[in-house]
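Novice: Task: produce atomic coordinates for the following.
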Amino acid sequence: MFRFEIVAEDKHTKARAGILHTPHGSIETPIFMPVGTVGTVKAVSQQDLTEKIKAQIILGNTYHLYLRPGVETLHKAGGLHKFIHWDKPILTDSGGFQVYSLSGIRKIKEEGVTFQSHIDGSRHIFTPENVIDTQRKIGSDIMMVLDECTPYPCEYKYAKKSMEMTHRWAKRCQKRFIETQSLYGYEQTLFPIVQGSTYHDLRKQSAEILSEMDFFGNAIGGLSVGEPAEMMYQITDIVTDILPKHKPRYLMGVGTPANILESFALGIDMMDCVMPTRNARNGTLFTRNGIMNMRNAKYKHDFTPLDENSDCETDHYYSKAYLRHLLAQNEILGAWIATIHNLRFYLWIAEQARKHIIQGDFYTWKQEMVQKVSQKI
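Specialist: Residues are numbered from 1 along each chain as shown. The predicted model follows:
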C-alpha cells in the first residue's frame with residue numbers, strides 16, 4: 001500500500017515533486033503537514049482542514065496522545081483516524097522531541113527514557129519497543145522510531161554517544177515493527193531519524209547507517225532547536241545527498257515560510273511545524289507579500305479583506321480591522337480565522353512549489369518568494 005514516486009525534478013536545485021501513496025490516500029509532495037498534537041489541529045475542525053485548508057496529511061504526537069486520551073481509549077475507538085473522524089493520512093512522531101523538552105524530569109538510558117508526566121507528575125517509560133506498540137494502537141500511517149533530540153549547542157562527545165544510541169534504538173524499533181502487525185486492517189510504515197547535532201561528520205555517518213537499514217522513508221531530526229538557519233540548511237544539504245533519492249524525506253519541526261522553501265530546494269519532501277498555528281493565535285499572519293502583525297494599530301480602521309490575493313474564501317470574507325478586534329478581545333473566532341489563513345498559506349506554498357518544480361522554473365520562483373515572505377509588512 002505504500003509507494004513513493006518522483007514525477008519531476010528541478011534542474012537547478014535538489015527539489016522534486018512526487019506522490020506518496022498511503023492506505024488513507026495519496027499525498028502530493030512536497031507537502032506541509034499541519035500539527036494536530038493531541039488529536040486536533042488547534043482552533044480548526046477536520047472539515048476546515050479538508051475544505052478550507054486543503055490539508056492532505058496531519059500529525060499526531062505519541063507522547064501527548066499516550067497521556068491523553070490514552071492508548072486504550074484510542075484502541076477501543078478503532079484508532080486515531082476513527083476517534084477524530086479523519087480519513088486521510090496521519091503521521092505520528094515517537095515522542096522523542098517532547099521528552100527532550102522535559103529535560104528536568106526525565107532520564108535517558110539504553111533501555112529507554114524514563115520521564116514524569118507534565119500533567120500530574122506520574123512516572124512513565126518509553127522504550128523503542130513500547131513506542132512501536134503505542135503507535136500501532138494509535139494507528140498512524142507513518143510511524144517514527146524513538147530517538148534522542150540533542151540540544152544546541154551540544155558537545156561533540158555527547159552528540160556522538162546520543163547518535164549511536166539513536167541508531168541502536170532504530171534497530172530495536174525496526175525489529176519490533178517487523179514482529180508486530182497493524183491493528184486496524186491497513187498497513188503502517190516506519191521512518192528512522194537522522195541525528196548528529198550540528199557536526200557534519202556525525203550527520204553523514206547517521207544518514208549512511210540509517211540508509212543501509214532500508215526503511216521505507218527517512219526523517220531528519222534535531223534541527224530548528226536554536227542553531228542558525230544557514231547551519232540548518234548546510235546539514236540538510238549534506239544529509240539529503242546521502243539519503244536514498246527514491247525514498248521520501250521528512251524534515252521535522254521546521255519552520256518559517258522561507259525555511260520551507262529553502263528546505264524543499266534541498267530535496268525535502270515533507271515538513272511540519274507549529275509555527276503557523278501558534279503564531280496565528282498570537283496575531284501573526286503569513287502572506288505571499290510578507291508577515292503581518294494583526295495587533296498593530298494601523299489595522300484598526302483597515303476594512304479591506306485579510307488577503308485579497310488568497311484562494312481561501314475566509315480571507316475575503318473578513319476584514320483586517322475585524323480580525324484585529326477579535327484578537328484584541330481574545331475571541332475564539334479570531335484564532336479560527338487566523339489559523340485557517342496561516343495553514344492555507346503554508347499549504348499554498350507547498351502547492352506552488354510543486355507546480356513550479358513541474359514547470360521547470362522553481363529556482364527563480366523560490367528566490368523571489370523567499371524575499372517576499374520574509375519581509376514584515
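Novice: Nearest to the spatial middle of this structure, which residue is it?
Specialist: In the chain, the residue lying closest to the centroid (CA atoms, centre = their mean) is Asp272, at 2.1 Å.
Novice: was I right about it contacting Gly255?
Specialist: No: between Asp272 and Gly255 there is no contact under CB atoms under 8 Å: 9.7 Å. Heads up, the C-betas are built off the backbone N, CA and C, glycines and all.
Novice: what kind of secondary structure is the nearest residue to Ser26 once chain neighbours are set aside in?
Specialist: Using CB to CB, 6 or more residues apart in numbering and skipping the chain neighbours, the partner closest in space to Ser26 is Ile19 (5.4 Å). Three-state secondary structure (criterion: DSSP: H, G, I helix; E, B strand; the rest coil) places Ile19 in strand.
Novice: isn't Ile19 right up against Ala8?
Specialist: No: if you go by CB under 8 Å, Ile19 and Ala8 don't touch, sitting 10.6 Å apart.
Novice: So for those two, which residue has more residues nearby?
Specialist: Higher neighbour count among Ile19 and Ala8: Ala8, with 16 against 13, using other CB atoms under 10 Å.
Novice: Quick check: the gap between that one and Ile358.
Specialist: As for Ala8, its distance to Ile358 is 4 Å (criterion: CB to CB, to the nearest Å).
Novice: Please enumerate the shared neighbours of those two.
Specialist: Ala17 (CB atoms under 8 Å, 6 or more residues apart in numbering).
Novice: picking up where we left off before, who touches the residue nearest to the centre of the chain in this structure?
Specialist: Phe32, Met33, Pro34, Val35, Leu59, Leu91, Met252, Gly253.
Novice: How about it, nearest residue that isn't a chain neighbour?
Specialist: Per CB to CB, 6+ apart, closest to Asp272 is Met33, 4.2 Å.
Novice: Count the residues that sit near the one you found.
Specialist: Met33 has 24 neighbours, counted by other CB under 10 Å.
Novice: With Phe215 instead?
Specialist: When neighbours are counted by other CB under 10 Å, Phe215 comes out with 19.
Novice: just Phe216 next, same as before
Specialist: 17.
Novice: What strand or helix carries it?
Specialist: For Phe216, there is no host helix or strand (DSSP states H and E).
Novice: And the one 10 residues further on, by the same measure?
Specialist: Taking DSSP H and E as the definition, Gly226 sits outside all helices and strands.
Novice: List phi and psi for Thr114.
Specialist: Thr114 adopts backbone torsions of phi -100, psi 130, taken as degrees, to the nearest 10.
Novice: max-length helix in the protein?
Specialist: helix 332-359 (DSSP state H).
Novice: all helices of the stretch 251-377 of the chain, in order?
Specialist: For the stretch 251-377 of the chain, helices defined by DSSP state H, counting those that start in this stretch occupy the ranges 257-265, 275-281, 313-317, 320-328, 332-359, 362-374.
Novice: So which bits of the longest helix of the chain are buried?
Specialist: For helix 332-359, burial by neighbour count (16 or more other CB atoms under 10 Å) applies to 334-354, 356-357.
Novice: And for stretch 199-212?
Specialist: Judged by neighbour count (16+ other CB under 10 Å), stretch 199-212 contains these buried residues: Tyr199, Leu202, Arg203, Lys204, Gln205, Ser206, Ala207, Ile209, Leu210, Ser211.
Novice: ok, now stretch 153-163?
Specialist: Neighbour count says stretch 153-163 has Cys154, Ala159, Lys160, Ser162, Met163 buried, by 16+ other CB under 10 Å.
Novice: now swap in stretch 12-26 and tell me
Specialist: So, applying 16+ other CB under 10 Å, buried residues of stretch 12-26: Thr13, Lys14, Ala15, Arg16, Ala17, Gly18, Leu20, Thr22, Pro23, His24.
Novice: Grab the CA positions of it and hand them over as PDB.
Specialist: Listed in PDB are the C-alpha atoms of stretch 12-26, where the atom choice follows Å, rounded to 0.1, in the frame of the first residue of the first chain:
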ATOM      1  CA  HIS A  12      18.900  23.900 -10.600                       C
ATOM      2  CA  THR A  13      18.200  22.600  -7.100                       C
ATOM      3  CA  LYS A  14      17.500  19.200  -5.400                       C
ATOM      4  CA  ALA A  15      13.800  20.000  -5.300                       C
ATOM      5  CA  ARG A  16      11.500  17.300  -6.600                       C
ATOM      6  CA  ALA A  17       7.700  16.700  -7.000                       C
ATOM      7  CA  GLY A  18       6.400  13.300  -6.000                       C
ATOM      8  CA  ILE A  19       3.400  11.300  -4.900                       C
ATOM      9  CA  LEU A  20       3.400   9.400  -1.700                       C
ATOM     10  CA  HIS A  21       0.800   6.600  -1.700                       C
ATOM     11  CA  THR A  22      -0.600   5.500   1.700                       C
ATOM     12  CA  PRO A  23      -3.600   3.400   2.800                       C
ATOM     13  CA  HIS A  24      -5.500   6.500   3.500                       C
ATOM     14  CA  GLY A  25      -4.900   8.300   0.200                       C
ATOM     15  CA  SER A  26      -2.100   9.800  -1.900                       C
END
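Novice: Pull the distance from it to the chain's centre.
Specialist: With CA atoms, centre = their mean, to the nearest Å as the basis, stretch 12-26 stands 15 Å off its chain's centre.
Novice: Over to stretch 203-210?
Specialist: That offset, for stretch 203-210, works out to 21 Å (CA atoms, centre = their mean).
Novice: now what about it, what contacts it?
Specialist: 163, 166-167, 170, 192-196, 218, 235, 238-239, 242-243.
Novice: and if you look at stretch 108-125?
Specialist: So stretch 108-125 is contacted by 66-68, 96, 99, 102, 105-107, 126-128, 130, 146, 148, 165, 168-169 (CB under 8 Å, 6+ apart).
Novice: How about stretch 248-267, which residues are buried there?
Specialist: Those would be 248-267, for stretch 248-267 by 16+ other CB under 10 Å.
Novice: Nice, that's everything, thank you.
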